[in-house]
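> Using only what follows, build the 3D model:
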Amino acid sequence: MPTLILSPRFTDDSILMRAAAGRAGWQIRRPTGWRIPPDMVTGPAAIYGEVLFAEAVAGQLGLALLDVPEDWLPGLPPQFLRRELRVSTLAAARDHPGPVFVKPADGRKGFAGRLYRAGAGLPSEAACPDDTAVFMAEPVTWQVEIRCFVLHGRVLTCSPYLRDGHDTGGDSSMTVEERSDAETCVEQLLSVAPAPPAVVIDVGLIEGRGWAVVEANSAFGAGVYGCDPERVLEVLARACVPRHELGESDAPWALPPVRLE
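Purely as a prediction, here's the structure:
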């Protein structure tokens, strides 16, 4: 029976995933810290929580977490981006003369991904080193952004999370056309661009340009929004692989092991 390991930090999403795991008959563990007792997990396991927590727990359990590398998004074919986007440094973002969308490239959310004007509001060098990798993207208007939990190239569940730049406020409703367009965008992308077997891909509709990829996220740390938590659980299970069982299809996506001192 699989075990779901949850972060000590209680969030609405972790409570949602705990309930889904219970309905699925999984064992559930929520440690009080980041150190995992040897007898806490004895079989297959999936992790859900902050990225640093997931990496620390995976290292102790001999699990490999699957995720896309930093250069995955800017390396996509242009028809799936529909905007200028590149990997750069925080120093370059601070020096950029005009408005530009900036976000951390490593997925750890060290600062908010948003539009910055002439560097105002970006972290100082004391807070984040100049060589911190970031995505810099041309400002565009997203009419809707949709989170997709993907397993083996197929969208299992999806939900809008922003409309016209504003949080949906828990309203996960979308039109049949929006759902179909989002799923088609993801599945067409994955027919030409390699990706982990379990991943979260956000897509959206850019005003005047069409459907495009917003970003990819690690399944083990992605917000659920209005997605079906039981389908999310399926993606989580595939995103955590015993390191000694990594096959050719998984190895390129496995994050390096992290050792908790």
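> How about the secondary structure of residue 177?
Three-state assignment for residue 177 (DSSP: H, G, I helix; E, B strand; the rest coil): helix.
> What residues does it make contact with?
For residue 177, the contact set (CB atoms under 8 Å, 6 or more residues apart in numbering) is empty. Any C-beta I mention is one placed from the backbone N, CA and C, and that applies to glycine too.
> That one and residue 146, how far apart?
Plainly put, residue 177 is 12 Å away from residue 146 if you go by CB to CB, to the nearest Å.
> do the same with residue 220
Applying CB to CB to residue 220 and residue 146 gives a distance of 20 Å.
> Comparing these two, which residue is more hemmed in?
Per other CB atoms under 10 Å, whichever of residue 220 and residue 146 has more neighbours is residue 146, with 31 against 28.
> Surely the more buried one touches residue 173?
No. With contact defined as CB atoms under 8 Å, residue 146 and residue 173 do not form a contacting pair (11.7 Å).
> tell me, what's touching the two both at once?
Common neighbours of residue 146 and residue 173 (CB under 8 Å, 6+ apart) are residue 160.
> beta partners for the closest residue to residue 85 other than its chain neighbours?
Spatial nearest neighbour of residue 85, excluding adjacent residues (CB to CB, 6 or more residues apart in numbering): residue 137 at 4.2 Å. Beta-bridge partners of residue 137, counted by DSSP bridges, are residue 85, residue 101.
> ok, residue 137 to residue 234 distance?
From residue 137 across to residue 234, the span is 31 Å (CB to CB).
> same question, residue 165
Counting by CB to CB, the gap from residue 165 to residue 234 is 31 Å.
> Please apply the same query to residue 59.
24 Å.
> Ok, residue 20 next?
Separation of residue 20 from residue 234 (CB to CB): 10 Å.
> Need the residues touching each of those two.
By CB under 8 Å, 6+ apart, no residue touches both residue 20 and residue 234.
> Cheers, nothing more for now.
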